[in-house]
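**Q** Everything below, folded, please.
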Amino acid sequence: MGSDYPPSLRCGLPGLILSLETAFILIFWFCFSNESGSTPKDLDIYPAFQDVNVVVILGFGFLLAFLKRYGFSSTGFYLLIAALGVQWAVLVEGFLFSSSAGKIKISLHSILKGSISVTAVLISAGALLGKANPIQLIWMAMVEVAAFSTSRWINVKFLKVEEHTSLMHVHIFGTYFGLAVSWWLYHSSLSERVEKERSNLISDLFSMLGALFVWMFWPSFNSVLIVDLMERRNAICNTYYAIAVSAVAAFALSSLSRRNGKIRMTYLNLVLKIHDTCGVHYMFGLPGLLGAIVNVILFIIIKWASLSSLGYLALIEVGSFMLTTAIGLGTGFITGFILTFKLWKTLPASKYFDDQAYWEFPHLASRF
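**A** Below is the predicted model of the structure:
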C-alpha cells in the first residue's frame, strides 16, 4: 500500500525549471535576435497584447480557481506553465515559421502568438486540475506547445489555412489533448465528487471574476492577429455578439435544468471515464467544434459564387480542424501514458485537489 504523503519535489521541480530556463536562454542568445525595425508596429499592437495577457494570466488563473482547497495551486501553477510555455512557444514557432539564414528575428508579435498558443496548455490543464503535479504539468506544456505548433505548421504550409484561423484552433486542440491525458490519470475514487473537489462562496466568486475578465477581453483575443481592418472590426463585433448571446442563453438553460429554477455555476456533466475537473469539454471543446463547423458553413455561403472550387476549399477547411483534433487526441494519449510513469512522482489520490501538497501554510499544522 502506497504512502498517503505526497512525494517531495524539492530536487525534481527546481532542477527541471532551472534546466529549461538555462536551455531557453542559450537558444535565444545564439539563434534569435530582436527585430528592432518593427518597434512602431509592436507599440501599435501593445494594447491588444495586454488584453490577451489579461485573458491568459488573470482570466484563466481565476476562472479555474473554483476548488475551495486548490486556489493557490490553480493560480500559481497556471502562472508557472504560462510563463514557461510562452518562452517555449516563441522558440518552437520561430524555428517552424521564421527559420532562414542567420538568426531568427522575434518581436512583440512573436510573444503575442506564443501567448495565444500557450492557451492550449492552460485549457488542457483545466481537465487535470488538482490531479497532476507541477513537474507533470511542465512536461505536458513542453510537449503540447510543440505538438500544437506542428499542427499549425502543417495547416498553414500544406493546407494553406490562414495563420489566424490556425491559431483559433487552440480551443479544440487544448480540449482534446487534455481529455486524452485525463483518461490516463483517471482514478476510481473520482467517480464520485469528493469533498475537496467542491467549491465555496469565495472560490466561486474568484472563478466568476476570472470568467468576467475573459468575457471582457475575448474580442481582442479573437481579432488581434487579423491584418485587414474591416475583417478585424467584424471579428470584434461578431465575438461580442456571440458571447453576449451565450451568456444570456447560459442563464436560461441553467434555470431550466433545475426543478426549483435556481441558477447554478455549472450544469453539465460527462458520463465517460474521463474526469474533467473544470469541464473544458463543454467550456472550450464543444464551442470550438461548433465554431469550426459554422465557419465552414459560412465559408460555403460566402464562396457560393465560385462553385467550381467550392468543394475543394470546403474540404480543406473541414480537414484543417479535423487534423487539429486528431493530432491533439493522439499526442495527448501518448503524453498521458508517459505521465503515468513513477518517475514523475505522481500525487496519491488522497491528496488530490489540496494546496497543502505543494504550498506552505504557516498558520496550519505541518502534518496533513
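
**Q** Can you spell out which helices and strands pack onto the longest helix seen in the chain?
**A** In the chain, with assignment by DSSP state H, the single longest helix is helix 307-338. The elements that helix 307-338 packs onto, with contact taken as 3 or more C-beta pairs under 8 Å, 6 or more residues apart in numbering; DSSP states H and E, are helix 134-157, helix 163-167, helix 170-184, helix 286-302. The way it works is simple: take the backbone N, C-alpha and C, and place the C-beta from them, glycine included.

**Q** Pass me the low-pLDDT residue ranges in the stretch 1-150 of the chain, would you?
**A** Within the stretch 1-150 of the chain, the stretches with pLDDT under 70 are 1-5, 35-41, 100-102.

**Q** and the longest helix of the chain, average pLDDT?
**A** Mean pLDDT, computed over helix 307-338, is 86.

**Q** in that helix, what counts as buried?
**A** 316-317, 320-321, 323-325, 327-329, 331-333, 335-336 (16 or more other C-beta atoms under 10 Å).

**Q** Just the closest of the residues you listed to I154, please.
**A** Distance to I154 across the buried residues of helix 307-338 (C-beta to C-beta) is lowest for L323, with 6.7 Å.

**Q** Which parts of this structure are helices?
**A** Using DSSP H, helices in the chain cover 12-31, 39-53, 60-63, 71-97, 108-127, 134-157, 163-167, 170-184, 201-223, 229-256, 280, 286-302, 307-338.

**Q** Taking helix 108-127 as reference, get the angle to the longest one.
**A** For helix 307-338 and helix 108-127, the angle between their directions (axes from the mean of the first three to the mean of the last three C-alpha atoms, to 10 degrees) works out to 60 degrees.

**Q** circling back to that earlier point, and the helices and strands packed on helix 307-338, which is most packed in?
**A** helix 170-184 (a mean of 26; mean count of other C-beta atoms under 10 Å).

**Q** Packing partners of that one?
**A** Using 3+ C-beta pairs under 8 Å, 6+ apart: helix 170-184 touches helix 108-127, helix 134-157, helix 280, helix 286-302, helix 307-338.

**Q** As a markdown table, those with distance to I236 would be great.
**A** Converted to a markdown table, the helices and strands packed on helix 170-184 look like this (distance: least, C-beta to C-beta, whole Å):
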| stretch | distance to I236 |
| --- | --- |
| helix 108-127 | 16 |
| helix 134-157 | 23 |
| helix 280 | 25 |
| helix 286-302 | 16 |
| helix 307-338 | 22 |
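
**Q** closest one to W183 among those?
**A** So among those, helix 307-338 is nearest, using C-beta to C-beta, at 6.2 Å.

**Q** how much distance is there from the closest one to the middle of the chain?
**A** Mean C-alpha position of helix 307-338 versus that of the full chain (C-alpha atoms, centre = their mean, to the nearest Å) differs by 18 Å.

**Q** got it, and stretch 56-75?
**A** Distance, centroid of stretch 56-75 to centroid of chain: 13 Å (C-alpha atoms, centre = their mean).

**Q** got the end-to-end distance for that stretch?
**A** 11 Å (C-alpha to C-alpha, to the nearest Å).

**Q** Not counting that stretch itself, show me its contacts.
**A** 78-79, 82, 115-116, 118-119, 122, 125-126, 129-130, 196-200, 202-204, 206-207, 209-211, 213-214, 217, 265, 277-278, 353-356, 358-359 (C-beta atoms under 8 Å, 6 or more residues apart in numbering).

**Q** one more time with 6 Å, if that's ok
**A** Stretch 56-75 is contacted by residues 78, 82, 115, 122, 126, 129-130, 196, 199-200, 203-204, 206-207, 209-211, 213-214, 278, 353-355, 358-359 when judged by C-beta atoms under 6 Å, 6 or more residues apart in numbering.

**Q** Out of the helices and strands packed on helix 170-184, which is closest to V224?
**A** Of the helices and strands packed on helix 170-184, nearest to V224 by C-beta to C-beta is helix 108-127, at 6.5 Å.

**Q** report the angle between the axes of the longest helix of the chain and helix 170-184?
**A** Using the same axes, to 10 degrees: helix 307-338 against helix 170-184 is 30 degrees.

**Q** just to revisit the earlier point, could the helices and strands packed on helix 307-338 go into JSON lines alongside distance to S8?
**A** Below are the helices and strands packed on helix 307-338 laid out as JSON lines (distance: least, C-beta to C-beta, whole Å):
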{"stretch": "helix 134-157", "distance to S8": "11"}
{"stretch": "helix 163-167", "distance to S8": "39"}
{"stretch": "helix 170-184", "distance to S8": "23"}
{"stretch": "helix 286-302", "distance to S8": "38"}
